[in-house]
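> sequence plus predicted model, see below.
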Amino acid sequence: MTTTETVKTELGLRERKRATTRATLERIAIELALEQGYERATVEAICAASMVSRRTFFNYFGTKESAFIGPPTPDPDERATDAFVHRGSDNIVTDLARGNSRVVGSHDGQDARQRGSLRRDRLAPVRRRWTVQ
């Protein structure tokens with residue numbers, strides 16, 4: 001194995017660990033809010049249930065709220081903006097949806113199946129709670 005391959009492997013592992021920690025914090029935040037209510041799902045409670053420090057929590061999220069809403073959608077690149085402005089159809093809603101799906105589609109290098117799975121996993125506890133009542 002070359003040095004370049006080693007570095008790529010190490011960076012890949014680091015990024016996977018970061019993604020796992022982020023997903024765990026988000027999942028636990030939602031679970032605590034569903035079980036105890038949003039106000040009682042404090043940063044301290046989320047950290048305790050996730051077994052991380054407050055500092056680690058704030059390395060991933062700026063606020064408690066951001067743990068619930070997930071990562072921000074990236075801004076469109078220049079090519080996507082140009083396509084929207086100059087080559088759009090007569091239906092602005094369709095153009096916005098198409099442009100947004102491209103931007104979100106490129107987010108964090110995830111493919112469509114991973115993003116769909118993440119959305120389903122994120123919404124599953126909410127759906128269960130509302131269908132039971």
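Nice, thanks for sending it over.
> strands of the protein, start to end?
Secondary structure of the chain by DSSP state E: no strands are present.
> what about it, any weak spots by pLDDT?
1-11, 88, 99-133 (pLDDT under 70).
> try 50
Scanning the chain for pLDDT under 50 picks out the ranges 4, 7, 107-112, 133.
> which helices and strands sit right next to the longest helix out of those in the chain?
Counting residues, the longest helix in the chain under DSSP state H turns out to be helix 3-36. Using 3 or more CB pairs under 8 Å, 6 or more residues apart in numbering; DSSP states H and E, the elements in contact with helix 3-36 are helix 43-50, helix 54-60, helix 64-69, helix 112-132. For glycine as for every other residue, the C-beta is placed from the backbone atoms N, C-alpha and C.
> one more time with 6 Å, if that's ok
helix 43-50, helix 64-69, helix 112-132 (3 or more CB pairs under 6 Å, 6 or more residues apart in numbering; DSSP states H and E).
> quick one, domains of this structure?
1-70, 73-133 (automatic domain parsing).
> mind listing what Tyr60 touches?
Tyr60 makes contacts with 22, 25, as judged by CB atoms under 6 Å, 6 or more residues apart in numbering.
> could you measure from it over to Glu26?
Applying CB to CB, to the nearest Å, the value for Tyr60 to Glu26 is 9 Å.
> got it, and Pro72?
13 Å.
> those two: which is more packed in?
In this view Pro72 and Glu26 are compared by other CB atoms under 10 Å, and Glu26 has more residues nearby, 23 against 8.
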